[in-house]
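Enquirer: Need a 3D model of the sequence below.
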Amino acid sequence: MKYAAPADLLRFQHRRWWNAFYQKSFLSIPDGLLQSFYWIQLYKIASASRAQGPIMATTGPWIEPTPWPSLWNNLNVQLEYWIAYGSNHLELDPIPRTLGTAHTQKIMVDALRPEFQADSMGVRRSTDAQFDDAGFVGAPGFPSPDPEIGDLPWLLHNVWLNYRHSMDTRIRDTVLFPTLRKAMNYYLHFLEEKDGKLHLEPSYSPEYGTAPDCNFDLALIRWSCQTLLTLRPTDPLAPKWRDV
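Expert: All right, here's what the predicted structure looks like:
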């Protein structure tokens, strides 16, 4: 028969863990309110995540009634892990590890319509912890209420932040570059030249709406091309990235 650990023992173990954890991310600023906010957020992500754990759902791992039981890849997943980078707790960031698995790589290909699968990848707005969900990623010009095509490159910006903080070349070479290359390929299918300029077909900006030359996507296209050129300036697609 198992017995619950005494409260004093649990309290001691918890304090010992926290003392070791917070010293890795110690920050002192003169504004007490902001400093308290920082520690609260750090404690929250440490309580909701763990090394080798899955990506957190929008409301975390706690069991409670919620209309948001999934990953929401058009803002929430990105901002959940920003604190992990500057606080020196990259072990809490599961995004590079998840995107890099063969299973997830296949899911991100299968998430696209068949005519785009040969050279591209994408992620749907809401998914499970391996980025799987029913249906296809939105595609401009196809029947879809929300052609939201920028979620994967936005997730990859988090991978870029992880790489820049860790300088882990494995993340750069096996996750960031090859996945971003295919995410950018998806954008290339929807760019058209008019009046001597490239234009993007109508796409969806999260929480805003659909528009041609959507700023959300134009910013991600610019960042993606610049990053790809930084990582691999001699790639066969480099002239196309420079042109874009």
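Enquirer: Now for the residue nearest to the spatial centre of the chain, which secondary structure element holds it?
Expert: Centroid check for the chain by C-alpha atoms, centre = their mean gives Leu155 as the closest residue, at 2.4 Å. Element membership of Leu155 [criterion: DSSP states H and E] is helix 151-166.
Enquirer: Only C-alpha atoms, please: export that helix in PDB.
Expert: The C-alpha trace of helix 151-166 is given here as PDB (Å, rounded to 0.1, in the frame of the first residue of the first chain):
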ATOM      1  CA  ASP A 151       2.000  29.500 -38.700                       C
ATOM      2  CA  LEU A 152       5.000  27.200 -39.400                       C
ATOM      3  CA  PRO A 153       7.500  30.000 -40.200                       C
ATOM      4  CA  TRP A 154       6.300  31.800 -37.100                       C
ATOM      5  CA  LEU A 155       7.000  28.700 -35.000                       C
ATOM      6  CA  LEU A 156      10.400  28.500 -36.700                       C
ATOM      7  CA  HIS A 157      11.200  31.900 -35.400                       C
ATOM      8  CA  ASN A 158      11.200  30.400 -32.000                       C
ATOM      9  CA  VAL A 159      13.600  27.700 -33.200                       C
ATOM     10  CA  TRP A 160      15.800  30.500 -34.500                       C
ATOM     11  CA  LEU A 161      15.800  32.100 -31.000                       C
ATOM     12  CA  ASN A 162      16.600  28.800 -29.400                       C
ATOM     13  CA  TYR A 163      19.500  28.300 -31.900                       C
ATOM     14  CA  ARG A 164      20.900  31.800 -31.300                       C
ATOM     15  CA  HIS A 165      20.800  31.400 -27.600                       C
ATOM     16  CA  SER A 166      22.300  27.900 -27.600                       C
END
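Enquirer: Distance from the chain centre to it, please.
Expert: Remark: helix 151-166 is offset 7 Å from the chain centroid, using C-alpha atoms, centre = their mean, to the nearest Å.
Enquirer: Just the buried residues of it, please?
Expert: 151-163 (16 or more other C-beta atoms under 10 Å). Backbone N, C-alpha and C define where each C-beta goes, glycine included.
Enquirer: With stretch 94-105 instead?
Expert: Pro94, Ile95, Pro96, Arg97, Thr98, Leu99, Gly100, Thr104, Gln105.
Enquirer: Could you do stretch 213-232 as well?
Expert: Those buried within stretch 213-232 under the rule 16+ other C-beta under 10 Å are 214, 216-218, 220-221, 223-225, 227-228, 231-232.
Enquirer: cool, and stretch 112-125?
Expert: Applying 16+ other C-beta under 10 Å to stretch 112-125 flags Leu112, Phe116, Ser120, Met121, Gly122, Val123, Arg124, Arg125 as buried.
Enquirer: contact partners of it?
Expert: 72-74, 105, 108-111, 131, 133, 135-137, 139, 142, 146, 148-149, 151-152, 155, 179, 182-183, 185-186, 189, 206 (C-beta atoms under 8 Å, 6 or more residues apart in numbering).
Enquirer: cool, and stretch 52-65?
Expert: With C-beta under 8 Å, 6+ apart, stretch 52-65 has contacts from 48-49, 66, 68-72, 76-77, 80, 92, 94-95, 97-98, 129.
Enquirer: Go again with 7 Å.
Expert: Residues outside stretch 52-65 that contact it (C-beta atoms under 7 Å, 6 or more residues apart in numbering): 48-49, 66, 68-72, 76-77, 80, 94-95, 98, 129.
Enquirer: Ok, stretch 162-179 next?
Expert: Contacts of stretch 162-179 (C-beta under 7 Å, 6+ apart): Tyr85, Leu90, Asp93, Pro96, Leu99, Gly100, Met121, Leu156, Val159, Trp160, Leu231, Arg232.
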